[in-house]
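Asker: from the sequence below, what's the structure:
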Amino acid sequence: MTVVAGDYLPGAKIIVAPKGTSAAIAKGDLLQGDTTNHVWVTCPTTINSVGPFGVAAEAQATADAFVKVIIEGSVYVTADMTVRSGHYVVNGVVTAGRVGEYISDVSTAALAGINATKIVGLYEGHENEGTLGSAATQAVVTDIMRIRLGTTG
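Answerer: A predicted model of the protein is given here:
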């Protein structure tokens with residue numbers, strides 16, 4: 001089986017939630033909860049975006065009012081940059097809806113306190129990696145990679 005972005009492992013938790021109607025959402029897009037408008041949208045390329053985060057379980061048209069959002073578990077997403085195994089991921093800053101490697105910015109106590117709100121999840125590996133004795137390899141731009149959503153990995 002070849003996985004695609006938006007596929008997920010058994011046990012993932014999915015919610016049906018309001019969707020912003022200004023743009024379509026592709027299956028596998030990293031989503032961000034817009035807490036101002038109370039809808040889910042494709043996560044923009046704004047550096048240091050904060051959650052809540054999820055992943056689109058299926059594609060939605062611009063006019064659709066709801067989206068299925070994977071909010072917990074292991075899910076496949078698209079890499080926006082090189083991500084080394086075992087590292088946290090954040091929203092991508094080149095292509096909306098993708099993920100990149102988290103780089104800490106704990107230069108001040110205030111920044112250290114909000115870092116967890118920027119983390120999307122933990123990189124686990126590509127398909128068939130990172131489990132049962134198979135080591136995870138680094139992901140590069142456009143790779144389909146598996147992450148565990150949340151800050152606890």
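
Asker: host element of residue 75?
Answerer: Assigned by DSSP states H and E, residue 75 falls within strand 74-78.

Asker: partner strands of the next helix or strand after that strand, with direction?
Answerer: Once the chain leaves strand 74-78, the next helix or strand it forms, by DSSP H and E, is strand 88-91. Neighbouring strands of strand 88-91 in its sheet, by DSSP bridges, are strand 99-101 (antiparallel), strand 121-125 (antiparallel).

Asker: which element follows the last one toward the C-terminus?
Answerer: To tie it back to what came earlier, the one meant is strand 121-125. strand 144-149.

Asker: what mean pLDDT does that following strand have?
Answerer: Averaging pLDDT along strand 144-149 yields 96.

Asker: residue 147: what's it in contact with?
Answerer: By C-beta atoms under 8 Å, 6 or more residues apart in numbering, the contact set of residue 147 is 74, 75, 76, 77, 89, 99, 120, 121, 122, 123, 124. Placement of C-beta: from N, CA and C, glycine included.

Asker: now do residue 125
Answerer: Residue 125 neighbours (C-beta under 8 Å, 6+ apart): 85, 131, 134, 135, 136, 137, 145, 146.
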